[in-house]
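Enquirer: need the 3D shape of this:
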Amino acid sequence: MNNETILKPIKNGDDGSYYIDLRIITENNEKITSKQVLLPFFHNTVFKELEITCDHIPPWFGMELKQLNLQFYSEPIEETGFKVKVYPIDYQI
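Expert: Okay, the predicted model is just below:
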């Protein structure tokens, strides 16, 4: 794996927004799962919004995010990808 590959979301400004591209992470190491990358962030970081670029919406999002009081919105991008935004349930888009 390339040492420059970031395995956690990065800050996108100072307003509580973060970003991660799961496609790059999983391309460089097939053994890393979205759960391994995202759950520590969800459990340990106060954030307003996390924007995720991915090739599929993680199947565990529905149940796990609800338990963490998080919700998500997704939209297709390009031909084979998605932009997913995760944010606290009490946050208004």
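Enquirer: from the contact counts, what lies against the helix or strand Leu50 falls within?
Expert: If you go by DSSP states H and E, Leu50 is part of strand 49-54. If you count contacts as 3 or more Cβ pairs under 8 Å, 6 or more residues apart in numbering; DSSP states H and E, strand 49-54 packs onto strand 17-21, helix 22-28, helix 34-44, strand 81-88. C-betas here are computed from N, CA, C, even on glycine.
Enquirer: for the record, mean pLDDT for it?
Expert: The pLDDT scores in strand 49-54 average 97.
Enquirer: rewinding a little: of the helices and strands packed on strand 49-54, which is nearest Glu64?
Expert: With Cβ to Cβ as the criterion, Glu64 lies closest to helix 34-44 of the helices and strands packed on strand 49-54, at 7.4 Å.
Enquirer: hmm, back to that, just checking: what are the partner strands of the strand holding Leu50?
Expert: Its sheet considered, strand 49-54 pairs with strand 17-21 (parallel), strand 81-88 (antiparallel) by DSSP bridges.
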